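Undergrad: Sequence plus the predicted model coming up.
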Amino acid sequence: MNSASVAKKNGIPPRTPTSIALWSHLLRKEPLPAPPNSEIDPLLAPLAPIDKNATSTRVLLYDTQGHLERFSIHVEKLCSTIEDVKREISTANTLFQSEHEKLAGDIIDLVNRSQMHILKAIAEPAQAAQLLQLTKDVDRRMETLEKRMDAMQAVIFRLVLDGRG
């Protein structure tokens, strides 16, 4: 596995060819060859860095700073996304609770109305008045029959007493 595939696997973007060339130049151990023309203008800046360690440290510092800035941007996006998700979850929870309470209230109202209709039907059935009248008629006829039975028994009793006597 090369370093580019390892870096890609770990989520680190691969280095660009220019940064690879810069790093290879900075980390080179051999000294630079002297220019063929030894008469160098002292006012011109040297092409190679004088202090390689300081230069490489500075380049590493800038490189690290760039990575940290990109990382902080990703962290800020992640944190803002997490806050948005928390708000959405809170909103969904509130909506769920209000819908649950509304549904429970609707069910309770429906049950109460059903109970009231059942109580009306049971307390005063449609045939209740006719049944009451029928019961009164049956009771009156039973009394009439009982009176007739008593009268017939009295007649039979007299006949039996008269027949004996």
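TA: Perfect, I can see it now.
Undergrad: Every contact and neighbour count from this point should use C-alpha atoms.
TA: OK.
Undergrad: continuing past the lengthiest helix in the chain, what's the next helix or strand?
TA: Criterion DSSP state H: the longest helix present in the chain is helix 52-123. Of the helices and strands lying after helix 52-123 in sequence (DSSP states H and E), the nearest is helix 128-164.
Undergrad: From Arg58, how far out is Phe145?
TA: Check again: residue 145 is Leu, not Phe. Distance of Leu145 to Arg58, computed by Cα to Cα, to the nearest Å: 127 Å.
Undergrad: Could you do Lys147 as well?
TA: From Lys147 to Arg58 the distance is 130 Å (Cα to Cα).
Undergrad: do the same with Arg148
TA: From Arg148 to Arg58 the distance is 132 Å (Cα to Cα).
Undergrad: Tell me how many other residues crowd Leu60.
TA: 13 (other Cα atoms under 10 Å).
Undergrad: cool, His67 as well?
TA: 14.
Undergrad: pLDDT score assigned to His100?
TA: Here the pLDDT value assigned to His100 is 92.
Undergrad: For it, give its distance to Leu132.
TA: Counting by Cα to Cα - His100 and Leu132 are separated by 47 Å.
Undergrad: now swap in Phe96 and tell me
TA: Taken as Cα to Cα, the span from Phe96 to Leu132 is 53 Å.
Undergrad: now Ile107
TA: 37 Å.
Undergrad: And Ile156, by the same measure?
TA: 36 Å.
Undergrad: what's around Thr81, how many residues?
TA: 12.
Undergrad: Now do the contacts for it.
TA: Neighbour list for Thr81: empty [criterion: Cα atoms under 8 Å, 6 or more residues apart in numbering].
Undergrad: So for Arg164, what's the pLDDT?
TA: pLDDT at Arg164 comes out at 73.
Undergrad: ditto for Ala154
TA: 89.
Undergrad: Report how many residues lie close to it.
TA: Ala154: 12 neighbours (other Cα under 10 Å).
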